[in-house]
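Novice: give me a model of this one.
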Amino acid sequence: MAATLATESQALKSFRLGLERGDVEILQGSLAENVFYDFSAALEGGLFQRLSGKAEVCEYFQKRLNVEGVKWAGLGWFDDSCNWAGPWTWTKLHSVASGGCKAVILGGQSPGGQTSYVEVSMTNADGLIRQILEVSMSYKVPSLALSEASNQHYGPLASFSYEGEGSDLELMIEKFGERDLVAAGIEASRLCMDELARSSNEGRIPISGSTVTALLDGRLKVQTRVNGTRGYHNCRIPGHQHSPSPDFVPDFDPNIYHGEDVAHQGVNIGYPTDHGETGSIRQIELFGEVDWSRSVFATSLSPCVMCTRLLEGLYQYNGLRNVVICESKSFVGGGPRLDKLDGSPDAPIQPEVPKGESAADKRLEVVRLANPTGQKAMALFSCRYAHDWNADIGAIAPRRGYREAILAEVHENAKSWLGQLSDGEAAVYGPDPWYENDPTAGRLNIRKLAVCGDLREHLGEDVGDNPCRAAVIRAMGMAGSTVNLQECAVLWRCAAGKATAKSFSPASWGAVELFRPAAVVVPSEEAKVLVQDMLRDQNAVAHDEGFDATEVVFARPQNPSSKPARKPVTRRFDVCARFGF
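Specialist: Prediction:
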């Protein structure tokens, strides 16, 4: 509910007036002695910066508000579009009750065009401000790519809309307000759009993802790798292949070629199962420490079937309850399926954690934005690099004869291929696009492309297991982006009695649905029934769309020592022990 200045407390008036005039003496009169100020200059590991005590907070604002503040800010987080220097101009004031204190949402705007969202909490005793949380509503624009494509000038920043019914801010407040996750939603969305801008400028697919958690102490934390500070991007296109930029940041876990072809040694061959969503989840190192019920996951585009399966799994097994789709108009994807997770008894998926939730708490809240920057970036990419976009959504048909060839190889060699794997491992076999001098590979050069172990400690049976580090989705990613997985076979050697949806992982399930390998080979009837049930609906859809269904093959692993003599196929990635092969 909007609050007028007449109903505004004296502390809030002083707070606003001090920031508008750039006067710290006025500002400090509104602050409690033990005030905390948290802002979106993420420290290593994604934790928000925190200042403690009136003196430290006032010293910070003294630098930020004075004439020299612009120069000071330019040396640090200003370049990352977080916050700004100089006096503020207020645009809107809301007021809500939260935990016995008045939490106030202040949308401020700087002369430079940046916008902040600020939550202010006050003490019950004296009404002074005890905590301030500021997140930037301004995000980077892929000005290099858009300006080059249109011959128009694009500024470096844009902001989420914050005024009027249906604005981005109003939609977030409507969905996340009662859960006190508005700031987390804005920050996750900003990180998504910043990553989209980087990807677009570098010629990558402009799709990204980010997860932000509201901690119990009031701070926010970007869920990322241990030394990271941001979300992540789609990795089908490796590096700055199309448009090199001087500030390029390499993938956190590049898929480096270590096969027999000398010319491609050390080349990043891409990781096609890292979409913005799956890639951003895969990079979370401390996955088991994430409180998903207090987190917001943001994606820059409506999720494909693979990423929808991932989000459904996070909802069912981990407790995810809040999602933002920053650009929901360019691509529908699996978004409508998320709306069915409403917490009702007849919902298609019933969450397993946390226990004892009400129906309202079980509901997956989805905020759908219509971001014009995302629309332009997607239109530009899909026109310029249509093949890459179609490959990313599994829409490139297999070459004539290749699917039949891999299926023939599967029926002849599945037992021996599985026999070469250890329990928990997965592999991909198919036409090798890099090395063509293997006399045992046949006319279509079908070889072992990747072998991956499962990096989850409990093979998916524990809430702390990262679904994007399961063996199958890793092997499909490590095969590289040049490979058309519809021409390949995926092998999964699950341990006896361990063929479950969790052990396969929702992310792997979605990857198989999206990329439609010719076959999935498993070592037991139990596993065959599981995978057939998983793929039943998608195989029917594939048939209707003119694609071939994925064949599920049961083959008992043959001990390597008992298989017929045949020249061994070199294990392609033995030198990459860090990948867990």
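Novice: and the closest residue to residue 436 other than its chain neighbours, backbone torsions?
Specialist: Nearest residue to residue 436, sequence neighbours excluded (Cβ to Cβ, 6 or more residues apart in numbering): residue 445, at 5.6 Å. From N, CA and C alone the C-beta is placed, and that goes for glycine too. With angles defined as degrees, to the nearest 10, residue 445 sits at phi 60, psi 50.
Novice: give the contact list for residue 445.
Specialist: Counting by Cβ atoms under 8 Å, 6 or more residues apart in numbering, residue 445 touches 431-432, 435-436, 438.
Novice: can you pick the most crowded of those?
Specialist: residue 432 (24 neighbours; other Cβ atoms under 10 Å).
Novice: next up, the contacts around it.
Specialist: By Cβ under 8 Å, 6+ apart, the contact set of residue 432 is 259, 438, 441, 445-447, 449.
Novice: separation between it and residue 268?
Specialist: According to Cβ to Cβ, to the nearest Å, residue 432 and residue 268 sit 17 Å apart.
Novice: kindly report the same for residue 416.
Specialist: Going from residue 416 to residue 268 by Cβ to Cβ gives 31 Å.
Novice: likewise residue 281?
Specialist: Going from residue 281 to residue 268 by Cβ to Cβ gives 20 Å.
Novice: okay, the two: which has more neighbours?
Specialist: Using other Cβ under 10 Å, the more surrounded residue of residue 281 and residue 268 is residue 281, with 27 against 19.
Novice: what sits against that one?
Specialist: Residues in contact with residue 281 (Cβ under 8 Å, 6+ apart) are 209, 211, 287, 310, 314, 466-468, 507.
Novice: surely it is in a helix?
Specialist: Yes. The assignment for residue 281 is a helix, going by DSSP: H, G, I helix; E, B strand; the rest coil.
Novice: got any ranges where the chain has weak pLDDT?
Specialist: Within the chain, the segments meeting pLDDT under 70 span 1-8, 67-84, 91-113, 239-252, 560-581.
Novice: walk me through the domains of it.
Specialist: According to automatic domain parsing, the chain is divided into the following domains: 1-136, 402-579.
Novice: and the ones you listed: which comes nearest residue 394?
Specialist: Nearest of the domains of the chain to residue 394, taken as Cβ to Cβ: domain 402-579 at 4.5 Å.
Novice: quick one: that closest one to chain centroid distance?
Specialist: Taking the mean of its C-alpha atoms, domain 402-579 sits 24 Å from the chain's own mean (Cα atoms, centre = their mean, to the nearest Å).
Novice: now stretch 350-358
Specialist: In terms of Cα atoms, centre = their mean, the centre of stretch 350-358 is found 23 Å from the chain centre.
Novice: what comes up buried for it?
Specialist: Within stretch 350-358, the residues that count as buried by 16 or more other Cβ atoms under 10 Å are residue 351.
Novice: also stretch 426-442?
Specialist: Across stretch 426-442, burial judged by 16+ other Cβ under 10 Å covers 426-435, 441.
Novice: then stretch 214-234?
Specialist: Per 16+ other Cβ under 10 Å, stretch 214-234 contains these buried residues: 214, 218-225, 228-234.
Novice: among those, which pair sits farthest apart?
Specialist: 218 and 234 (32.7 Å).
Novice: wait, doesn't residue 210 sit right on residue 191?
Specialist: Yes. The pair residue 210 and residue 191 qualifies as a contact (Cβ atoms under 8 Å) at a distance of 3.9 Å.
Novice: overlap in contacts of these two?
Specialist: Joint contacts of residue 210 and residue 191 (Cβ under 8 Å, 6+ apart) are 222, 230-231, 298.
Novice: determine which two of the residues you listed are furthest apart.
Specialist: Distances among these were taken as Cβ to Cβ; the most separated pair is 230 and 298, at 12.1 Å.
Novice: any residues in contact with both of the two?
Specialist: With Cβ under 8 Å, 6+ apart as the test, residue 230 and residue 298 both reach 191, 210.
Novice: before we move on, back to that, now go through the contacts of residue 445 and say which are in strands.
Specialist: Applying DSSP state E to the contacts of residue 445, the entries found in strands are residue 431.
Novice: any chance of a markdown table for the contacts of residue 445, columns distance to residue 121?
Specialist: Output for the contacts of residue 445, formatted as a markdown table (distance: Cβ to Cβ, whole Å):
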| residue | distance to residue 121 |
| --- | --- |
| 431 | 60 |
| 432 | 59 |
| 435 | 61 |
| 436 | 65 |
| 438 | 65 |
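Novice: nearest to residue 38 among the contacts of residue 445?
Specialist: Using Cβ to Cβ, the contacts of residue 445 come closest to residue 38 at residue 432, 50.9 Å.
Novice: state the distance from the closest one to residue 396.
Specialist: Using Cβ to Cβ, we find residue 432 at a distance of 17 Å from residue 396.
Novice: before we move on, what about residue 56?
Specialist: Residue 56 is 56 Å from residue 396, by Cβ to Cβ.
Novice: which SSE is residue 36 in?
Specialist: Assigned by DSSP states H and E, residue 36 belongs to strand 31-39.
Novice: and that strand, what's buried?
Specialist: Quick answer for strand 31-39 (16+ other Cβ under 10 Å): 31-32, 35-39.
Novice: and that strand, C-alpha only, in PDB?
Specialist: The C-alpha trace of strand 31-39 is given here as PDB (Å, rounded to 0.1, in the frame of the first residue of the first chain):
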ATOM      1  CA  LEU A  31      19.800   5.700  12.300                       C
ATOM      2  CA  ALA A  32      20.000   3.600  15.400                       C
ATOM      3  CA  GLU A  33      23.500   3.200  16.800                       C
ATOM      4  CA  ASN A  34      23.700  -0.500  15.800                       C
ATOM      5  CA  VAL A  35      22.300  -0.100  12.300                       C
ATOM      6  CA  PHE A  36      23.200  -2.500   9.600                       C
ATOM      7  CA  TYR A  37      23.500  -1.500   5.900                       C
ATOM      8  CA  ASP A  38      23.600  -4.300   3.300                       C
ATOM      9  CA  PHE A  39      24.000  -3.600  -0.400                       C
END
